[in-house]
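[1] Give me coordinates for this.
(chains A and B)
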Amino acid sequence: MKAFGYHKKEKLKSRTELQAIFTTGKSFSVFPIKVFFIEKDTMGTSVPVHAGVGVGSKHFKKAVDRNRIKRLLREAYRLEKQSLHEVVSAQSKTISVFFLYLDKELPDYTLIRVKMKEGLEKLIKKINT
RNA sequence: GCAUAAGCCCGAACCAUCGCCCCCACAGUACUGUGGGGGAGGAAAGUCCGGACAGCAUAGGGCAACCCACCGGUGAAUAGCCGGCCCCCCAUUCGCCUAAGGCGAAUGGGAGAGAGAAAGUGCCACAGAAAAUAACCGUCCCCACAGUAUUGUGGGGGUAAGGGUGAAAAUGUGAGGUAAGAGCUCACGUUCUGUAUUGGUAACAAGACAGAAGGGUAAACCUUGGGUGCUGUAAUGCCAUGUAUAGGAGUCUUUGAGAGCGGCUCGUUCGAUUUCCGCCUCAGGCGGAAGGAUUCCAGGGUAGGCAGCAAGAUCCCAACAGUAAUGUUGGGACCAGAUAAAUGAUGGUGUAGGAACAGAAUCCGGCUUAUGAGGCUUAUGUUUUA
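    Purely as a prediction, here's the structure:
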């Protein structure tokens, strides 16, 4: 597994899991990013963290803008994800995370990068407690 | 050179690092690594038309509903495209009349839901007497009364030449005619209908003869002619996983139905095995019912995989046919295929100084709309030079 990659296997894919993460999962927000997550003790899978990103089509009508934001979120996640992976594998858990963009304006990459880092740190704290 | 209008082309490039999706080869065979190749648009958009493909439906005919509407060609097909016709608008040039200006012809450009208003119904703001069986003013005739009278008042009737209103007012000009007028008549025109002729595949054009003078609106209803099964790739087909039974069929229920494993006429392991009624008979057997077990079918739900799915009305080049759209032939190319959904981020070089509109989702052909900078073509105007 590449350290800074974001392979197909790491993506949060299943429709039911997404349903579950929105209805029963916990959430917190580091504006403009809202983080949904759900912890599981089940072992066996080779990937400790499944992650997905999203934008509401309400605020961004054009597909180009939505794609842009999703790309920025993915880029930030793949560069900052390492610490989360270490913590989760150390506790032999699996976790599903979803990052939702909340703002109505197109973001800057550096902002997304900083906020993603903050969000992941907060998530690690929540897992440890 | 500049401006305006119309149309077309293009839709930044390169380097480094970290990443994403698909395919191929090798190592490996669970999954990963290495190397190589490919990876959004001219509109991918709107979903407005037309097809391909798929499923369902389907004797034949009519009505309704919806769509189309000058002619010919093109194409799989259309409301597309190409060429032509008609009509309207603009510009230029020429000719005629001329006070501004108007009329005609030619050329160029642009626009047109361009069948029927002479089958019928309806509607036509404001203004105006009246918006379609025209009489307000004016004008003319007759009668009555007043008056000397050419006049006035009232009543009856004729008249569309003139006035005013309006986007539009009942065929234009001249002459005859008349009480005054009027296509009432005539001449030259205008428009329409019919008939045949000539040219053209046709729309149509030209002149001839006969008839007519009906305002607009069909994007109000309508009439005529032509066309149309419905639903869309979340279509549809297949595979595996696997849970309940309320449906149907078979088998079994006191000696073994069935299931698993093993190359399998067999062996071995597991295995529900209950209750009631009738008869024979009293060990038990036979028949029926309920319940149960099990197999198959049916059908509901859940979450997956594969096909559909990318080599095609494909793209590029050349030749030939055609005014053109387009077609034929030859040569060459393989060019996204995801499924929460890939083509990105950062830094640098560098343009116009940080690049518009914008992201495939079954696939094609069109249409429409959005679009920064630049370039090209055509037309017109203007300026400079020769």
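
[2] Quick one: the helices in chain A, in order.
    Along chain A, counting by DSSP state H, helices occupy A:15-23, A:63-80, A:82-90, A:109-128.

[3] Burial check on A:V64, number of neighbours?
    Neighbourhood size, A:V64 [other CB atoms under 10 Å]: 7. In short, each C-beta sits where N, CA and C put it, glycine included.

[4] How about the one 4 residues further on?
    The number of residues packed around A:R68, counting by other CB under 10 Å, is 15.

[5] can you pull the contacts of it?
    A:L106 (CB atoms under 8 Å, 6 or more residues apart in numbering).

[6] where's it relative to A:R74, distance?
    According to CB to CB, to the nearest Å, A:R68 and A:R74 sit 11 Å apart.

[7] likewise A:S96?
    16 Å.

[8] The two: who's more crowded?
    Neighbour count, other CB under 10 Å: between A:S96 and A:R74, A:S96 has more, with 20 against 16.

[9] Grab the nearest non-local neighbour of that one.
    A:H50 (4.6 Å; CB to CB, 6 or more residues apart in numbering).
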